[in-house]
Structures are given as C-alpha cells and as structure tokens.
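Engineer: Sequence and predicted structure below; questions after.
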Amino acid sequence: MRGVRLILEGIGEDPKREGLLKTPDRVAEFYKEAFAGVAVDPREEVALYSSDNRNELIIVRDISFYSICEHHLLPFFGKAHVAYIPANKKITGFSHLARVIETLARRPTTQEELTSATANVLKQTIKPKGLLIVTEAEHLCMTMRGVKKPGSITITSAIRGCLRKDATRAEAFALIKG
C-alpha cells in the first residue's frame, strides 16, 4: 500500500484527497487477485482420466484469460486454444486445461512465456503424443503507451511432439480457426 501511495505522490497526486484515500487498498486487493498464480503449481490443476482415444485431436478453443505484462505491469488479455493428441489412453478434463492457463496467467509474465509454460506443463502432466497451444492477446502496453495501436492482436504458439508434423499441425490450426 505504501508503494501505491509513493506512485501517486510521484505523479503529483495527493493520496489524501477523497477520491484516492482508499486507492492503495483497492490496488493491493487487485494485485492480490491478479497475481494469485504466483505461488501455485499449475501441474496440480491437472487430473488424468482413462479414455480409449486413439490418435484423435482434442481441442478446447477460446479459453479467455487476462494477465499482467512483466515489462510494464499493464494488462494483456485474450484467448488461448489448446489442442492435443492423448497417449497411453490418458486425457484430462476440459476445465483442467483452462485452470492451467488461468494459474499461469495470474502472475507477471509475457505472452510468449505464458504460451510456452502452458505447453510445458501440459506436456509434463498429460504426456500427450502431440500438443499445440495458441494464444491471441491485446496488450495495453501497445494500446496505451508507445505506438498506441489499440486493437492489435499478438499471436503466439507452442508446438510439441507429433503436432510438429505438417499435416497434423495444419489440421489442428484449421480446427482452431473454425
């Protein structure tokens, strides 16, 4: 809270004026919520189930997320898409995929790291034959500062295993695009 007061003073504001009196508490509460994933192991969000799935893609599209860019401490937000081909008759629930993304997004990070870390966690826990993670996000650091280009979307992907093969990767991307 003291840090927020210092920021307010640093920009020339009076932290004692009526509209700002509770701002340090509100910001502290926001950061507590926004960074709730810092001390959480995302691997604990995954539970495995048996399935007779044989080399068939499982895709969950449009998993909404928001995160805070570690470079400017400004939000970025968008959608993540997860595609994987199970191995050893092991799958996970759709909500577990969303929980992994949510946990990783709730810490200071970059979109590239969020995408790669999601792939690494799912590869480690589900151990699929192939895996593809795609994230699309708008960054407020691009909207509010610097080049000021609202609406620009950054897309990152991480590919593991058999989804690196051209035909399989193309199929997964086509299904994600809809």
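Structural biologist: Done, it's in. Numbering: from 1, shown residues only.

Engineer: As CSV, could you dump the C-alpha coordinates of stretch 28-46?
Structural biologist: Extracted C-alpha coordinates of stretch 28-46, given in CSV (Å, rounded to 0.1, in the frame of the first residue of the first chain):
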residue,chain,number,x,y,z
ALA,A,28,-3.3,-4.0,-3.2
GLU,A,29,-6.5,-6.2,-3.4
PHE,A,30,-6.4,-6.1,-7.2
TYR,A,31,-2.7,-7.2,-7.2
LYS,A,32,-3.5,-10.0,-4.7
GLU,A,33,-6.2,-11.3,-7.1
ALA,A,34,-4.3,-10.6,-10.4
PHE,A,35,-1.1,-12.4,-9.1
ALA,A,36,-2.9,-15.3,-7.3
GLY,A,37,-1.0,-17.8,-9.5
VAL,A,38,2.5,-16.8,-8.3
ALA,A,39,2.7,-19.4,-5.5
VAL,A,40,0.5,-22.1,-7.2
ASP,A,41,2.0,-25.1,-9.1
PRO,A,42,-0.1,-25.3,-12.3
ARG,A,43,0.7,-29.0,-12.5
GLU,A,44,-1.6,-29.5,-9.5
GLU,A,45,-4.5,-28.3,-11.7
VAL,A,46,-4.4,-31.3,-13.9
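
Engineer: got a list of contacts for it?
Structural biologist: For stretch 28-46, the external contacting residues (Cβ atoms under 8 Å, 6 or more residues apart in numbering) are 1, 4, 66, 68, 92, 96, 99-100, 102-108, 117, 121-122, 124-126. Backbone N, C-alpha and C define where each C-beta goes, glycine included.

Engineer: Go through the residues you listed and flag which are in strands.
Structural biologist: 66, 68, 92, 108 (DSSP state E).

Engineer: Mark which of these are buried, thanks.
Structural biologist: 68, 92, 108 (16 or more other Cβ atoms under 10 Å).

Engineer: residues contacting the closest residue to the last one other than its chain neighbours?
Structural biologist: It refers to P108. Leaving aside its chain neighbours, P108 sits nearest to E70 (3.9 Å; criterion: Cβ to Cβ, 6 or more residues apart in numbering). By Cβ under 8 Å, 6+ apart, the residues touching E70 are 108-110.

Engineer: Looking at the ones in strands among the contacts of stretch 28-46, spot the one nearest D166.
Structural biologist: Using Cβ to Cβ, T92 comes nearest to D166 of those, at 26.4 Å.
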